[in-house]
Each structure stands twice: as C-alpha cells, then as structure tokens.
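Enquirer: pasting the sequence and the predicted coordinates here, then a few questions.
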Amino acid sequence: SMALEACKKNNSSPSAPTVDFTIDISTSQYTALQKNGGYVYYNSDSIIIARDGSGNFVALYDVCPHAGCTVQVNGSSRFTCPCHGSAFDESGNVITGPATSGVKKYNTSLSGNQLRIYG
Ligand code: FES
C-alpha cells in the first residue's frame, strides 16, 4: 500500500535548508508568537516557529524525517507528527519513533519585534 511504501522510506525526507530571515512578530500573521505556547508555520522554508511555555522561541524544520508529514506543536515544549506519532524535543531530537533521526533546529534571536531565524 501507499502507507507501507511511505514507512519504508524512513529518514529519506529532503534535507533542511540553510536560511537567514527576519519576521516582525507584531504583524497580524505572526501574532500567535506573542503568546507563550503559540506557533506559526513559515511555509516557504518548511519551518515551524514556536514560543515555548517559558517564552523562548524555537524554530525547527517541520518535515518529519520518517515519511515527510508536517510536524506540529503538541504542548509547550514538544513537537509531534500526526502521521505515525513521532515526537521531537525543542532541540529537534527524537523522543519517540518511528522517526530515527531528528529535525534541524535553527537559531533564533529577538530584537524588539524582529525575530531572526538563521542557520
Ligand atoms: Fe511518519 Fe512523521 S511521517 S511519523
């Protein structure tokens, strides 16, 4: 089946891009980042940008290394894949498979309302 084929392709998703961009978190499309626990997708580079329970920003490549589904935020410091249940921590490391490798974590720095994501 399609699903079984997908599962055989563990860790074959495209590699995460190198990026350097800045978003203004005061603009309407990023208001979710003004609250702890909020998150947005930066779709042009497949990056999920989240604010954890302590207010820290976390930016991870959001393509699951298992079979390519989009990783979601699930709780304030945990990222999960809706397809087969893989989970990743704030550093992008695998907590729960079937993924056997992590996702790239990007650097973040905030200056005023300007959030830079790079790495
Ligand atoms: Fe299978 Fe993410 S695609 S766990």
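Expert: Yep, that arrived. Residues are numbered from 1 along each chain as shown.
Enquirer: please make it C-alpha for all contacts and neighbour counts, starting now.
Expert: OK.
Enquirer: helices and strands of the chain: which one bottoms out on pLDDT?
Expert: helix 2-8 (a mean of 48; mean pLDDT, DSSP states H and E).
Enquirer: tell me the strands beside the lengthiest strand in the chain, with direction?
Expert: If you go by DSSP state E, the chain has its longest strand at strand 105-111. Applying DSSP bridges, strand 105-111 is found paired with strand 57-61 (antiparallel), strand 114-118 (antiparallel).
Enquirer: quick one: closest of those strands to the ligand.
Expert: Closest approach to the ligand among the strands paired with strand 105-111 is made by strand 57-61 (12.5 Å; CA to the nearest ligand atom).
Enquirer: which parts of the closest one are buried?
Expert: Neighbour-count burial for strand 57-61, with 16 or more other CA atoms under 10 Å as criterion, is recorded at 57, 58, 59, 60, 61.
Enquirer: confirm for me that residue 87 is in contact with residue 97.
Expert: Yes: counting by CA atoms under 8 Å, residue 87 touches residue 97, with 6.8 Å between them.
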